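In: coordinates only, sequence not included:
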């Protein structure tokens, strides 16, 4: 009986070793394919969930909890570190989940609000040889009422709608990185073998998560 157990154990160990070797060989093959590719298509799904400014003027703000989303697709030249061709841009409506109080006064929103509408995606020459593109994003602030100095009451300051331009830096991670564990210094980066999941760390983009899926074009 003991002899049979030993044989079974040896077979299981050998099987595990063969499986590990095959997996390593597959990873090497995939890394070679990604490295040899000259053009890679990236699909980026950007999702926001968090606190956002709904309207603002003179240091007075109305804030709320918001969700938003946009998608972009573009081709990337791996040797030139640059986007090529015309990108595809898809915007989705913002959703106002809840309006937050400003001190003791209830904030009210009485106009349309869009947290992020991406209007342009482009290379930035200032970045040089960098794996990133820049998205020009328009933020449409709403009309609203919030606490502030007013002759007709402390909660009666009406703020007008406004549009602001902000910039999103969208990372373009090297696709062969999915064959490796992410370096400990790469804060906010993860991957699942098919896509990179990047959580924005800058204060301007707090609340955004980017899912970046690469596929080989040629």
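Out: That came through fine. Computed from a predicted structure; not experimentally measured.
In: Show the contacting residues for residue 39.
Out: Residue 39 makes contacts with 75-78, 84, 216-218, as judged by C-beta atoms under 8 Å, 6 or more residues apart in numbering. Backbone N, C-alpha and C define where each C-beta goes, glycine included.
In: Next, count neighbours for residue 209.
Out: 15 (other C-beta atoms under 10 Å).
In: pLDDT (mean, whole number) over the host helix or strand of it?
Out: Using DSSP states H and E, residue 209 sits in strand 208-216. Mean pLDDT, strand 208-216: 94.
In: out of the contacts of residue 39, who has the most neighbours?
Out: Result: residue 76 is most packed of these (other C-beta under 10 Å), 24 neighbours.
In: residues contacting that one?
Out: So residue 76 contacts 39-42, 82-84, 172 (C-beta under 8 Å, 6+ apart).
In: And those residues, which of them are buried?
Out: The neighbour count (16 or more other C-beta atoms under 10 Å) marks 40-42, 82-83, 172 as buried among these.
In: would TSV of those with distance to residue 92 and pLDDT be doable?
Out: TSV is the format used below for those (distance: C-beta to C-beta, whole Å; pLDDT from 0 to 100):
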residue	distance to residue 92	pLDDT
40	25	96
41	21	97
42	19	96
82	27	92
83	22	95
172	22	90
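In: now these as a markdown table including distance to residue 164 and secondary structure?
Out: Putting the buried ones among the contacts of residue 76 into a markdown table (distance: C-beta to C-beta, whole Å; DSSP: H, G, I helix; E, B strand; the rest coil) gives the following:
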| residue | distance to residue 164 | secondary structure |
| --- | --- | --- |
| 40 | 33 | strand |
| 41 | 31 | strand |
| 42 | 27 | strand |
| 82 | 28 | strand |
| 83 | 25 | strand |
| 172 | 26 | coil |
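In: For the contacts of residue 76, which two are the farthest from each other?
Out: Farthest-apart pair in these is 41 and 82; separation 14.0 Å (C-beta to C-beta).
In: what are the pairing partners of the helix or strand where residue 136 lies, and which direction each?
Out: Assigned by DSSP H and E, residue 136 belongs to strand 132-141. Strand 132-141 has its sheet partners listed here by DSSP bridges as strand 114-122 (antiparallel), strand 162-171 (antiparallel).
In: Mean pLDDT added to those strands, as a markdown table?
Out: Converted to a markdown table, those look like this (pLDDT from 0 to 100):
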| stretch | mean pLDDT |
| --- | --- |
| strand 114-122 | 95 |
| strand 162-171 | 86 |
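In: Identify each buried residue in stretch 97-109, please.
Out: So, applying 16+ other C-beta under 10 Å, buried residues of stretch 97-109: 99, 102, 105, 107, 109.
In: Done for today, thanks.
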